[in-house]
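Engineer: fold the stuff below for me.
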Amino acid sequence: MKTMDCRSPLICKLPRILCRILIPLCMWGSLGACSLNKLVINKISDTLTGGGSNNAFLGDTDPRLVGDALPFAVKMYETLLEKNPDHPGLILTTGSLFVMYANAFVQGPAEMLPVGEYVKKLQELDRARKLYLRGAAILERGINNKYPGLIRGAAELRDADPAQIQEQLGRVKKEDVALLYWYAAGNLSAYALSPFDLDLGTRVPLITLLVDRAYDLDPDFNQGALDDFYILFYGSLPEGMGGDPEKAKIHYGRALEKSKGLSAGPYVSYARAVAIPAQDYPAFRSNLEAALAIDIEAGAPTTLVNIINQEKARYLLGRAQELFADFDEEAWDEEAWDESFYTGGAENE
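Structural biologist: Numbering: from 1, shown residues only. The predicted structure follows:
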């Protein structure tokens, strides 16, 4: 077998020349493909998380259709987030969808299960808790990406310098209010389902500061969503952890004013978080009836949320006899409730 004639230097050097040309070309091609792929993923991420991306869900009039579709949407966003882990829009959308799905389509239906399905109820509530925490973990990453070290573990919080936390909070911008809101909602919803979770309980003071900062930055966020949050927060927590029914009433008035009475949420939140603990049946019934009187056909951007809250209102009204001691419908009918709250008549703090 003849060997290659290497008397020509070019022939002998050809393999090495080809390597020097082709290897960089291959590397450039691979890098170009990676860059192109990144650009495409970023474009898709921007499109799927842009303004109005959730309107297809929130404006729908069929909760079952949305409930069936959301798991696929959540997994799609989560898969995309794995490819683009630091995209702010994907972090917010994916985390908030976990929280929304857990609340509207897992916890809500579980709470309305009949007594005979107690075991299933516990299983579904635990599932909701885990979904809340999955969403909160994603949102926590988004907060710490922008403000490193702001969210801390229980041990770190115990030793944290309050002045340093306040300084970090001072850097948070209005554009991040939604991130803070959904993070707080996910954690506190999980804590409500697991009140003996010490780690979550330790986070409540920091979460309070986050929501307070969000409220300072954008008190009108999402037509009073933060006020609705405060109704549940101040109404549901024990006094030692920040609970305060009077503050809940103040934010109730503000929520009604900001939503122009078109959102069923504040009515249902007040009935659950304030009226039931106070055993104030007139307030309970008046608020739930007000929630049911809202016209779903008005086409508000919160159509789906209103439908779900009206379902909760009907359920709670049906359980009034269980929820109120010494229940007497006729006696309660003779009492009146101050409906000035319906026009935001609560005094300011």
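Engineer: switch to C-alpha atoms for all contacts and neighbour counts from now on
Structural biologist: Fine.
Engineer: contacting residues for Gln107?
Structural biologist: Glu124, Leu125, Ala128 (CA atoms under 8 Å, 6 or more residues apart in numbering).
Engineer: looking at those residues, which is nearest Gly59?
Structural biologist: Ala128 (23.3 Å; CA to CA).
Engineer: dump the residue contacts of the closest residue to the closest one other than its chain neighbours.
Structural biologist: Among residues not flanking Ala128 along the chain, Ala102 sits closest, at 4.9 Å (CA to CA, 6 or more residues apart in numbering). Neighbouring residues of Ala102 by CA under 8 Å, 6+ apart: Arg127, Ala128, Arg129, Leu131, Tyr132.
Engineer: ok, the third one - contacts?
Structural biologist: With CA under 8 Å, 6+ apart as the criterion, the residues that contact Arg129 are Ala102, Ser189, Ala190, Tyr191, Leu193, Ser194.
Engineer: try it again at 6 Å.
Structural biologist: Neighbour list for Arg129: Ala190 [criterion: CA atoms under 6 Å, 6 or more residues apart in numbering].
Engineer: that one: helix or strand, and which one exactly?
Structural biologist: Assigned by DSSP states H and E, Arg129 belongs to helix 118-146.
Engineer: if any of the contacts of Ala102 are buried, put those into a PyMOL selection.
Structural biologist: The PyMOL selection below is limited to those of the contacts of Ala102 classed as buried (16 or more other CA atoms under 10 Å):
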select buried, resi 128+129+131+132
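Engineer: the residue most central in space within the chain: what's its closest spatial neighbour, skipping adjacent residues?
Structural biologist: The residue lying closest to the centre of the chain (CA atoms, centre = their mean) is Trp182, at 3.3 Å. Counting by CA to CA, 6+ apart, Trp182 lies nearest to Ser96, which is 5.7 Å off, once chain neighbours are set aside.
Engineer: just after the helix or strand where that neighbour lies, pick out the following helix or strand.
Structural biologist: Element membership for Ser96, per DSSP H and E: helix 88-101. Next helix or strand after helix 88-101 toward the C-terminus (DSSP H and E): helix 108-111.
Engineer: where in the protein is pLDDT low?
Structural biologist: 1-56, 153-160, 299-300, 329-349 (pLDDT under 70).
Engineer: can you pull out the strands in it?
Structural biologist: Counting by DSSP state E, the chain has no strands at all.
Engineer: hmm, back to that, tally of neighbours for the residue nearest to Trp182?
Structural biologist: Residues lying near Ser96 (other CA atoms under 10 Å) number 26.
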